[in-house]
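Trainee: model this:
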Amino acid sequence: MWRFASMYGIGKKLGRSPYYDASLSCMKSAKKEVEGMLPEYATRMQFFTPKPDEEKIINFGDHCCRYQNTNMLQNVTEKYIHLSGKYFQSLAFFHDSHDEIRTFFNWSEAARRNMSIYADKLFGSANSHKLCVHTRLITRVYQPKQMSRLEDMCFASIYCDSLLITASSSTFAWWIGYLMDATRNSTIGSVFYNSDFKATDNYNFDNFPSNWTPLKLIPTIIEDDRVKTWKRKNSFP
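Mentor: Numbering: from 1, shown residues only. As a prediction, this is how the structure comes out:
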């Protein structure tokens, strides 16, 4: 999801469309996984093998989680650009395309119906605010229903009113927060994340939307220290 969103954002700035190399069997498997849940995304997953003389390979986006200015790609004249990076986990690549990205990752009606059936069983008539907590993968957690990872993401993004991300480097939790239905309503849909970053960490404040709330425990007091201790390098979103 990160890779497609970032490639779309980069391509939009360059007047190009994203594609996956046809040799990437892992991405072909990913397409099969998302077809029933995220049909628009699946439709846009195009595979292609360009001719060598029509393609330019460029060292770009090699750090997993840092933004790199796309201006260096503006003057490439080859028909196809092959970027060396693999992950592109930076919001800055696609923050200008927020509404489009959410549309591409819109859950299918069938997926929403299935989640609604489960939600009725789990919550009944309760209409209280639902705060969801995402932790790193551990074994000693009771799971009332075994679901696929996309079903988990779908359910959480639809029914969580607020989200607490304790493992801030989790890309899974990040996308739950980004796709939450509740975030369309400014009065609810708050996303909180663990901001105990170190200078050597892959993730920092620039990886998160500015309207999400960073939290830090010092040692028992939670505070928002975005402005106090870490100056944002970028001005998005």
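Trainee: what are the phi and psi values for Phe192?
Mentor: Per-residue torsions, Phe192: phi -120, psi 140 (degrees, to the nearest 10).
Trainee: check contacts around it.
Mentor: Ser162, Leu163, Leu164, Ile165, Trp212, Thr213, Pro214, Leu215 (C-beta atoms under 8 Å, 6 or more residues apart in numbering). In short, each C-beta sits where N, CA and C put it, glycine included.
Trainee: Just flag the most distant two among these.
Mentor: Within the contacts of Phe192, two members stand farthest from each other by C-beta to C-beta: Ser162 and Pro214, at 14.6 Å.
Trainee: More neighbours: which of the two?
Mentor: Pro214 (22 against 19; other C-beta atoms under 10 Å).
Trainee: partners of the more buried one in the sheet?
Mentor: Here Pro214 sits in beta bridges with Tyr193, as judged by DSSP bridges.
Trainee: Show the model's pLDDT score for it.
Mentor: pLDDT recorded at Pro214 is 90.
Trainee: my guess is it meets Asn207, correct?
Mentor: No - assessed by C-beta atoms under 8 Å, Pro214 is found out of contact with Asn207, at 10.8 Å.
Trainee: ok, the contacts of Phe192 vs Leu73, which is closest?
Mentor: Of the contacts of Phe192, the one sitting nearest to Leu73 (C-beta to C-beta) turns out to be Trp212, at 28.8 Å.
Trainee: I'd say that closest one and Val191 touch.
Mentor: Yes - between Trp212 and Val191 there is a contact under C-beta under 8 Å: 4.3 Å.
Trainee: how is this protein carved up into domains?
Mentor: 2-104, 109-229 (automatic domain parsing).
Trainee: now the longest helix along the chain, how far from the centre of its chain.
Mentor: Determined from DSSP state H, the single longest helix within the chain is helix 109-123. Helix 109-123 has its C-alpha centroid displaced from the chain centroid by 23 Å (C-alpha atoms, centre = their mean, to the nearest Å).
Trainee: Check which residues of that helix are buried.
Mentor: Ala111, Arg112, Asn114, Met115 (16 or more other C-beta atoms under 10 Å).
Trainee: Next, the contact list for the second one, please.
Mentor: Just to be clear, that refers to Arg112. Cys154, Ile158.
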